[in-house]
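**Student:** Compute the structure for the input listed below.
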Amino acid sequence: MRAIGYISTTASMQLDDTHQYLEQREAILAYCNYNDHNLVQIFHDSSQQAVNRPEYSKLLEFIDTPKQASLVVITDCGSLGNSLDEAIEAILRIDNAGSTVICSSPEYPDPIQNALNLFRRERSDQVRGAMLEKALKGEALGRTPFGYRINTERSLEPDPLESSIVARIFDMYIREEIGFRRIVNSLNDSSTLNRNNAQWTIAQILGVLRNPVYIGTYRRFGLRIPSNHEPIVSTTDFTNAQQLMRSKRTFKSKRKEQIYPLSGLLLCMHCNGRMIGFSRRQTWRRKDGSRNHNVYRYYYCPQRLENPLCRANVTSAGQWEAIASKCLFVYLTDRQEAYLAPLNAPSMPLVDTQGSNTSDQPHLGANLQRRWLKALRLTAAGNLALGDLRRITKELRYLNSGVDTEIYVSLNALLQRGDIEVWNGMSPIHQKALFTSLITHICVKPSSASINLHDGDELVVSF
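**Tutor:** Numbering: from 1, shown residues only. Now for the predicted structure:
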């Protein structure tokens, strides 16, 4: 069978790059010779090309050519990405082009199995599962709370000395109405120290007063088990402490949080670092004496302190968001099947939008992560085809976008209207949903920019 090799080296010095290249090349040649594959070409991305990976793009162009389907041979899935997500995305992309990824590793030739083993996600899931099983029994895990010790049955029981200090803290705060700072001073002055003979701090006092473990409630991995162990303070005292803290809390008005749709997607033209968003609020006085203000949004390279070229690389957020939005409008209107989400999208649980729709680096939620890893394990075991895994991955990416179905429906409605002016006027949260669900990264050059999409397409913009 015709085969092509792909090598990705990650060393920081060119000499080490060469050494890694030779090792991987020999492994790929040995695999092809042993299995009678015809190795026609090897693509190699060095550490200096780690972000853009031009040779990987050439590999995709090669297999996308009609009648050029090949066996893509790699040493391990670390060549395809720096994380499990990136490696699986590359495997599915190559499979979608009609080619197949295979690893030269004799132990894990299957790419899905190789990726799971390499990035050790399966092992971490097993450890978490074992800890969760212990948590269901109410067994003590992690650091023992101050005031308790662990008995022979792995349960919490009050420590005679420490529990008396906890009870004293609640008494001073509730009954003697002493503030946090005076409680700290009182304990430290009387040589009533914390563990390891450390002095108390205000943060530790707050931690004691807010922890429901002292009324016998066990909390771990989202579980909440009341009456799990012997309490140190009464429920009434604990409730009174929470009410007293709430009554003394002062609330400050929150500044409006800015959303940066291209944060983490726009790459610096000098170092290929992922640019992040920031804003500046400027105020000035008019000639008539009145004051005015405005908020200006930008993207900047986080390497600006180390690289002098990156220091001046600050670009207008609105400019790039408009360019990306316009390009995607043309792309989507030309491809009806590429709409973000069908109007009859499946009714499945979404990630908490309050916590994720403004995140610069969105990741799969815990529930979706477990479902995705389960699909990977089924695929590695041969019980699920790569096509099914691709569909599940696309579906979970949609669910993980950090916005609800209404926003996706409204985006599709804008496309169906075909009005570019209305499309350009979409809100930042709509842009965030649009960009994160379609774009992997945007490479900026002096006279052009390329928008790279999740499905492998590339949109080029000239200035």
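**Student:** Next, the spatially closest residue to Arg390 that is not a sequence neighbour: secondary structure please.
**Tutor:** Leaving aside its chain neighbours, Arg390 sits nearest to Leu92 (4.5 Å; criterion: CB to CB, 6 or more residues apart in numbering). For every residue, glycine as well, the C-beta is placed using N, CA and C. Here Leu92 is recorded as helix under DSSP: H, G, I helix; E, B strand; the rest coil.
**Student:** And Leu92, how close does it get to Leu309?
**Tutor:** Taking CB to CB, to the nearest Å as the criterion, Leu92 is separated from Leu309 by 36 Å.
**Student:** repeat for Ile392
**Tutor:** Looking at Ile392 against Leu309, where the rule is CB to CB, the gap reads 42 Å.
**Student:** Show me which of these two is the more surrounded one.
**Tutor:** Between Ile392 and Leu309, counting by other CB atoms under 10 Å, Ile392 is the more crowded of the two (18 against 13).
**Student:** give the contact list for that one.
**Tutor:** Contact partners of Ile392, counting by CB atoms under 8 Å, 6 or more residues apart in numbering, are Arg371, Trp372, Ala375.
**Student:** Name all residues that make contact with the last one.
**Tutor:** Just to be clear, that refers to Ala375. Contacts for Ala375 were tallied using CB under 8 Å, 6+ apart; they are Leu384, Asp388, Leu389, Ile392, Thr393.
**Student:** Give me the three-state assignment for the residue lying closest to Asn114 once chain neighbours are set aside.
**Tutor:** The spatial neighbour of Asn114 that comes closest, neighbours along the chain excluded (CB to CB, 6+ apart), is Tyr108 at 4.0 Å. For Tyr108, the secondary-structure state derived from three-state DSSP is coil.
**Student:** quick one: stretch 92-106 to chain centroid distance?
**Tutor:** Here stretch 92-106 shows a centroid-to-chain-centroid distance of 25 Å under the convention CA atoms, centre = their mean, to the nearest Å.
**Student:** looking only at pLDDT, what's the mean for stretch 187-201?
**Tutor:** Stretch 187-201 shows an average pLDDT of 85 in the prediction.
**Student:** how about that stretch: buried residues?
**Tutor:** Applying a neighbour-count criterion of 16 or more other CB atoms under 10 Å, the buried positions in stretch 187-201 are Leu187, Asn194, Trp200.
**Student:** Now flag whichever of the contacts of Ala375 is closest to Ser325.
**Tutor:** Taking CB to CB as the measure, Thr393 is the one of those closest to Ser325, at 25.0 Å.
**Student:** Near Asn228, how many other residues are there?
**Tutor:** 19.
**Student:** Ignore what I typed, I meant Thr9.
**Tutor:** Taking other CB under 10 Å as the neighbour definition, Thr9 ends up with a count of 22.
**Student:** Can you tell me how far it is from Val73?
**Tutor:** Look at Thr9 and Val73: by CB to CB, they are 16 Å apart.
**Student:** three-state assignment of Ala30?
**Tutor:** Following three-state DSSP, Ala30 is assigned to helix.
**Student:** ok, for it, nearest residue in space, not its chain neighbours?
**Tutor:** For Ala30, the spatially nearest residue (CB to CB, 6+ apart) is Ser104, at 7.2 Å.
**Student:** is it fair to say Ile42 lies in a strand?
**Tutor:** Yes - counting by three-state DSSP, Ile42 is part of a strand.
**Student:** Show me which helix or strand of the protein is least confident by mean pLDDT.
**Tutor:** Here the helix or strand of the chain ranked lowest by mean pLDDT, DSSP states H and E is helix 353-356, holding a mean of 34.
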